[in-house]
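The following comprises the amino acid sequence and a computationally predicted model.
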Amino acid sequence: GFRALCNVIAVLNVIFVGVLTEVELWSTMEAMPLGNMWSIANALFCAFFLAEILLRLIAEQKYFFGNPNWKWNLLDTAIVVTSSVEVASDLSGATTEARFMTVCRMARLGRLM
């Protein structure tokens, strides 16, 4: 069901983040611009996880932060918010230090655990 779909998308996102990090590294080393397709794919993943959090929040209501999994829900929410800021920054064309982006990606990779 829904949980299985979310898990599959999470695994695909981990693969995507790994590939994107490699592409960004090579792009920086070769001084070549990164294509828009990467930003669009990143935004789509972020939109999916934002929708997942919102749907779970609507379904669970006050139990979203009041059940035995509240710490995981809080972590998921923090990661989605951080990713949303990263995507908004990317889509707006603002430049951000590579270290901050790496930390954001590592947090997203941690989401799978």
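Arrived safely, thanks for sending. Numbering: from 1, shown residues only.

C-alpha from now on. contacts and neighbour counts both.
Will do.

so where do the strands sit in this protein?
With strands called from DSSP state E, the chain shows none.

From the centre of it, point out the most distant residue.
In terms of distance from the mean C-alpha position of the chain, residue 30 ranks first, at 25.8 Å (C-alpha atoms, centre = their mean).

measure it to residue 64 for me?
45 Å (C-alpha to C-alpha, to the nearest Å).

re earlier: quick one: residues contacting the residue farthest from the centre of the chain.
By C-alpha atoms under 8 Å, 6 or more residues apart in numbering, no residues touch residue 30.

mind checking the backbone torsions on it?
The phi/psi pair for residue 30 (degrees, to the nearest 10) reads phi -90, psi 0.

ok, how many other residues are close to residue 31?
Residue 31: 9 surrounding residues under other C-alpha atoms under 10 Å.

ok, now residue 48?
15.

list the buried ones in stretch 62-71?
By 16 or more other C-alpha atoms under 10 Å, the buried positions in stretch 62-71 come out as residue 64.

quick one: average confidence on that stretch?
In this model, stretch 62-71 has a mean pLDDT of 89.

what about that stretch, how long is it end to end?
Note: stretch 62-71 ends 14 Å apart using C-alpha to C-alpha.

What of stretch 25-42?
Terminal residues of stretch 25-42 lie 16 Å apart, using C-alpha to C-alpha.

If you count neighbours, what's buried in it?
By 16+ other C-alpha under 10 Å, the buried positions in stretch 25-42 come out as 38, 42.

How far away from the center of its chain is it?
Here stretch 25-42 is found 17 Å from its chain centre; the criterion is C-alpha atoms, centre = their mean, to the nearest Å.

repeat for stretch 66-77
Mean-position distance between stretch 66-77 and its chain equals 17 Å (C-alpha atoms, centre = their mean).

Low-confidence ranges, this structure, go.
Residue ranges of the chain with pLDDT under 70: 93-113.

That one: helices as residue ranges?
Under the criterion DSSP state H, the chain contains helices at 2-29, 36-60, 70-92, 98-110.

ok, residues contacting the second one?
This means helix 36-60. Applying C-alpha under 8 Å, 6+ apart, the external contacts of helix 36-60 come out as 6, 9, 13, 20, 64, 76-77, 80, 83-84, 87, 90-91.
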